[in-house]
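[1] Let's see this in three dimensions:
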Amino acid sequence: MALAHGVENAAGDDVFTVAVTDAQQFHGRFNEIFYAMDFLDIKDPLTDHLIDQVAPVANRLDREPAMLSSAFKKLGQSPELAGWRTPKVPDGLGGLGFDAESYGQFQSLIAQHSGALAFLLTQHQSAASLVLAGENEALKQTTLPAMATGEVCMGVGFSQLRRQPPALVAQRVAEGYRLSGEVPWVSGSQLFTAFVGGAVVRDTQDALFGLLPLVSTRCDGGEIVVSDPMALCAVSATSTVRVVLTNWLLPQNKVLGLRPAGWLATRDRANPLSPLALMFGCTQASIASVRQSLARRHIDHDMAERLAAQLAKLRQELAQTVVLPTSAYDQKLALRGKAISLMNTAAQAAIISASGAANTLGHPAQRIYRESLLFSVSGQTNEGAIASLESLTFYL
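    Sure, this is the predicted structure:
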């Protein structure tokens, strides 16, 4: 299934005629005009929902957990939006059976309207994918349909598998596994009730995955402590926390399965381009913002067209590169670096085009700029950091 993308249009008043005391009213008008014009010719239910229900409150979704949770729950409530919470899950289990290309288009479309909602949905879908790929058939049949409807909302926490020494260690016991250590990043603590956690098995160094509660609790001689949400500059409403586990019992019926030692490193090498969909959506949002701001200020400049042309080139390059074998890892990393560079250039252009208004937290360009910071480092490896840094050395 392919999702259509529209073109941006621009109209409105000069930004400098808006007084600081009227900033809140201005930002509301900006959002409404900005997104309604942006997808004027699109009539599919998802885009209509994003325009009507998400875009006008995108800045609040970035900062207010209750608003973000509500937006997450609304996506999938109506029959025409069924399956959008877990689009990669097979339709027989409540999803839409998207392939990688269709899912990437979906991610880009969501990210263009709200980075926070796109980020939270990605966590939920990642958890569903891990459940689907696991060996626990009973959990697949009970959990995945509930995740599709929103009856069960779940995140992920396995980036710590990249750390040495292991941040979370599992010890095999008769009832399952005992887990001790920390999960440094889990998003969605105000919405998700559980998460798929990853630990390193002490004796074998295998990666263990299982369902863990996302709430502070003591049980069976073990304890989970969930921190207060971190103060993040971007998507703070996702309520990202640190989870500390002490001798926590992961019973066998909550175990998803084991992966061989070094699984995450292998996965990173196989999928270095997976974050590009979110980056492209963020870039598209910046381009639309540039067009809006320049039109308001009556500035005649082709920056938006230049950025759009470069984005189109990167989309074509992605289609050609993603099918290459794992041996083309360096080439894929280079493309990721270029996507990050373009995204940040577009976000900076949105800031400059909006002028002083972009310094206010309620301005869309400010939010998009902060989202670009997040997407620049999401899922980053050391090799990915090097490739991204190299893309910044044009003037050095």
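[2] give me phi/psi at the residue lying farthest from the centre of the chain?
    Here the centre of the chain is the reference, and by CA atoms, centre = their mean the most remote residue is Ala174, at 37.2 Å. Ala174 has phi and psi values of phi -60, psi -40 when expressed as degrees, to the nearest 10.
[3] mind listing what Val131 touches?
    Leu139, Lys140, Thr143, Leu144, Met147, Val196, Leu256 (CB atoms under 8 Å, 6 or more residues apart in numbering). Just so you know, the C-beta spots here come from the backbone N, C-alpha and C atoms, and that holds for glycine as well.
[4] Ok, Cys233 next?
    Going by CB under 8 Å, 6+ apart, the list of residues near Cys233 reads Arg370, Leu373.
[5] pLDDT wise, what is it at?
    As predicted, Cys233 sits at a pLDDT of 93.
[6] On the three-state scheme, it is what?
    coil (DSSP: H, G, I helix; E, B strand; the rest coil).
[7] Relative to Arg315, how far out is it?
    28 Å (CB to CB, to the nearest Å).
[8] repeat for Asp44
    20 Å.
[9] follow-up on the earlier one: reformat the contacts of Val131 into JSON lines and put neighbour count and pLDDT next to each item.
    Below are the contacts of Val131 laid out as JSON lines (neighbours: other CB atoms under 10 Å; pLDDT from 0 to 100):
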{"residue": "Leu139", "neighbour count": "19", "pLDDT": "95"}
{"residue": "Lys140", "neighbour count": "19", "pLDDT": "96"}
{"residue": "Thr143", "neighbour count": "23", "pLDDT": "97"}
{"residue": "Leu144", "neighbour count": "22", "pLDDT": "97"}
{"residue": "Met147", "neighbour count": "25", "pLDDT": "96"}
{"residue": "Val196", "neighbour count": "24", "pLDDT": "98"}
{"residue": "Leu256", "neighbour count": "24", "pLDDT": "98"}
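[10] List the ones among these that fall in helices.
    Leu139, Lys140, Thr143, Leu144, Met147 (DSSP state H).
[11] Please look at the first one and Leu256 and confirm they touch.
    Put plainly, it is Leu139. Yes - using CB atoms under 8 Å, Leu139 is in contact with Leu256, at 6.8 Å.
[12] shared neighbours of these two, which are they?
    The contact lists of Leu139 and Leu256 share Val131, Leu211, where a contact means CB under 8 Å, 6+ apart.
[13] Would you mind putting the ones in helices among the contacts of Val131 into a markdown table with distance to Arg336 alongside?
    Formatted as a markdown table, those follow (distance: CB to CB, whole Å):
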| residue | distance to Arg336 |
| --- | --- |
| Leu139 | 33 |
| Lys140 | 31 |
| Thr143 | 32 |
| Leu144 | 30 |
| Met147 | 29 |
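[14] Which of those residues sits closest to Ala167?
    For those, the minimum distance to Ala167 (CB to CB) is 24.3 Å, reached by Leu139.
[15] Pull up the gap between that closest one and Val255, please.
    9 Å.
[16] now Asn247
    For Asn247, the distance to Val255 - CB to CB - is 17 Å.
[17] Val290 now?
    In terms of CB to CB, Val290 sits 49 Å off from Val255.
[18] Next: Cys153.
    21 Å.
[19] Neighbour count for Val290 and Val255, which is higher?
    Val290 (30 against 19; other CB atoms under 10 Å).
[20] Any idea how far the helix ranked longest in the chain is from the middle of the chain?
    Longest helix in the chain by number of residues, with DSSP H as the criterion: helix 329-354. Distance of helix 329-354 from the chain centroid (CA atoms, centre = their mean, to the nearest Å) equals 16 Å.
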